[in-house]
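K.L.:
just need the structure, nothing else, for what follows:
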Amino acid sequence: MTNFKNINVSELEAMLAKGGVRLVDVRTEAEMARGMIPQGEKLPLHLLPIQLNGMNKNATIVFYCQVGGRSAQAAAFAASNGFTDVYNLQGGILAWAQAGLPLAA
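P.N.:
Predicted coordinates for the structure are as follows:
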């Protein structure tokens, strides 16, 4: 059983519109250079274990990557370390782009 929730692009849009969401991009720097979801912050997956202790365990956090695999790993890792409101964007940034939503440089 996972302790995080998978969400789709529409659900992420609604969450971002409400505010109070930390959106974390766990792709590599090279992937991020090709575009990010505008509200996203950079935290490559390999750095997550180092940065996790400095993050608010009660914050709403959505992880995303290219298609959803690495971000599911990040979400599972955060949930297993006591984070309580964790989400994974299914389909990743590809689903975001395919929905015609904007990308930031």
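
K.L.:
residues in contact with residue 70?
P.N.:
26-27, 45 (CB atoms under 8 Å, 6 or more residues apart in numbering). C-betas here are computed from N, CA, C, even on glycine.

K.L.:
which among these gets closest to residue 97?
P.N.:
Nearest to residue 97, judged by CB to CB, of these is residue 27 at 13.0 Å.

K.L.:
what about the closest residue to that closest one other than its chain neighbours, how many residues nearby?
P.N.:
With CB to CB, 6 or more residues apart in numbering as the measure, residue 65 is the residue that lies nearest to residue 27, at 5.0 Å, once sequence neighbours are left out. Each residue near residue 65 was counted by other CB atoms under 10 Å, and the total is 24.

K.L.:
surely residue 65 and residue 90 touch.
P.N.:
No - using CB atoms under 8 Å, residue 65 is not in contact with residue 90, being 10.8 Å away.

K.L.:
just to revisit the earlier point, filter the contacts of residue 70 to the buried ones?
P.N.:
Neighbour-count burial (16 or more other CB atoms under 10 Å) applied to the contacts of residue 70 gives 26-27, 45.

K.L.:
quick check, central residue of this protein?
P.N.:
Nearest to the mean C-alpha position of the chain, by CA atoms, centre = their mean, lies residue 63 at 1.5 Å.

K.L.:
list the ones among the contacts of residue 70 that fall in helices.
P.N.:
Secondary structure assignment (DSSP state H) places none of those within helices.

K.L.:
make JSON lines from those residues and add distance to residue 34 and pLDDT to it.
P.N.:
Compiled in JSON lines, the contacts of residue 70 are given as follows (distance: CB to CB, whole Å; pLDDT from 0 to 100):
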{"residue": "26", "distance to residue 34": "15", "pLDDT": "98"}
{"residue": "27", "distance to residue 34": "9", "pLDDT": "98"}
{"residue": "45", "distance to residue 34": "16", "pLDDT": "97"}
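
K.L.:
after the helix ranked longest in the chain, which helix or strand is next?
P.N.:
Of all the segments of type helix in the chain, defined by DSSP H, the longest one is helix 69-80. Remark: after helix 69-80, the chain's next helix or strand is strand 85-89, criterion DSSP states H and E.
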